[in-house]
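Participant: any chance you can model this:
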Amino acid sequence: MTESTESTTGPGTLGRRVRVPKMAELVAAQLRRKIVRGELAGGAALPAETTLMEEFSVSRPTLREAFRVLESEALISIRRGARGGARVQVPQGEVAARYAGLVLEYRGTTLQDLYQARNLIEAPCAGLLAQRATDDDLDRLRTAVREAELLIDDPPAFIRAHMQFHALVVDMSGNETMRVLNGMVRHIIDQANWSHVDLDAGSPENIVANREGFRAHVRLVELVAARQSEAAEELWRAHLEAAGEYLLNNQSMTTVLDLLG
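Facilitator: Below you'll find the predicted structure:
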């Protein structure tokens, strides 16, 4: 590699300037590729700066600029000092979730819009789970239901178990893309759930909603065990719609910005 500059025009550009990536971006791209392919393991230290400078034929400032790019993407962490250096961080859904939250805040997205997106993600995952669930998956679902039942009279503890069950449904659906999308939405949904618990934990409405939600969880496990995919998806969609209506009822916050801002 050699340091690059910006190109001007070429065939097919119709007079437009064509931007050639800066050398630091090219170095960052190669290191990023190694991280996502597992060639650089999570927690591992990157090679010494002098080694990387020689490998990529770049200067120290260029290499450190590449490090800053990767650090901004949470793909490496940099520790200063005598024992410092760059260490690999594997890609995490939480990073995408935080950024998605900022985008949704900026666009004035409503919580109702967010709940609709959750319905589109989770309900089909319930159907997929009914198709693909293993015996181990069913054991995990039944254990989660039993644990939640013991907590039903403790609203904060119950809502935590409730949210974990919803995440479990998507995680065990077998669709990695849905898992990532769900993580981005669930980061905000969970905040809304906690906000609502603070407002009405233990109220008659809260008690009714918790018990109805619990019954839906129990029924879903039965449908998954019976391999009834369409019924599972239909049940879960109805459950999500009812939960969304409850969470939006008497909610002073109507947008993602209200909730997270």
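Participant: surely E222 is within a strand?
Facilitator: No: read with DSSP: H, G, I helix; E, B strand; the rest coil, E222 is helix and lies in no strand.
Participant: where does the protein dip in pLDDT?
Facilitator: Residues of the chain meeting the criterion pLDDT under 70: 1-16, 18, 20, 82, 250-252, 261.
Participant: the chain: helices as residue ranges?
Facilitator: 23-36, 49-56, 60-72, 93-106, 111-132, 135-150, 155-171, 176-200, 204-225, 229-248, 256-260 (DSSP state H).
Participant: got a list of contacts for the second one?
Facilitator: Which is helix 49-56. Helix 49-56 has contacts (Cβ atoms under 8 Å, 6 or more residues apart in numbering) with 1, 27, 30, 46-47, 58-60, 63-64. C-betas here are computed from N, CA, C, even on glycine.
Participant: ok, and the most crowded of those?
Facilitator: In terms of neighbours by other Cβ atoms under 10 Å, these top out with V27 at 25 neighbours.
Participant: contacting residues for that one?
Facilitator: 1, 52, 56, 58, 62-63, 66.
Participant: about what we covered before: what's the closest of the contacts of helix 49-56 to D198?
Facilitator: L46 (43.2 Å; Cβ to Cβ).
Participant: now the spatially most central residue of the chain. Nearest residue, chain neighbours left out?
Facilitator: Closest residue to the average C-alpha location of the chain: G183 at 2.6 Å, with Cα atoms, centre = their mean. Excluding its sequence neighbours, the residue lying closest to G183 (Cβ to Cβ, 6 or more residues apart in numbering) is G93, at 3.8 Å.
Participant: any idea how far that neighbour lies from R118?
Facilitator: 15 Å (Cβ to Cβ, to the nearest Å).
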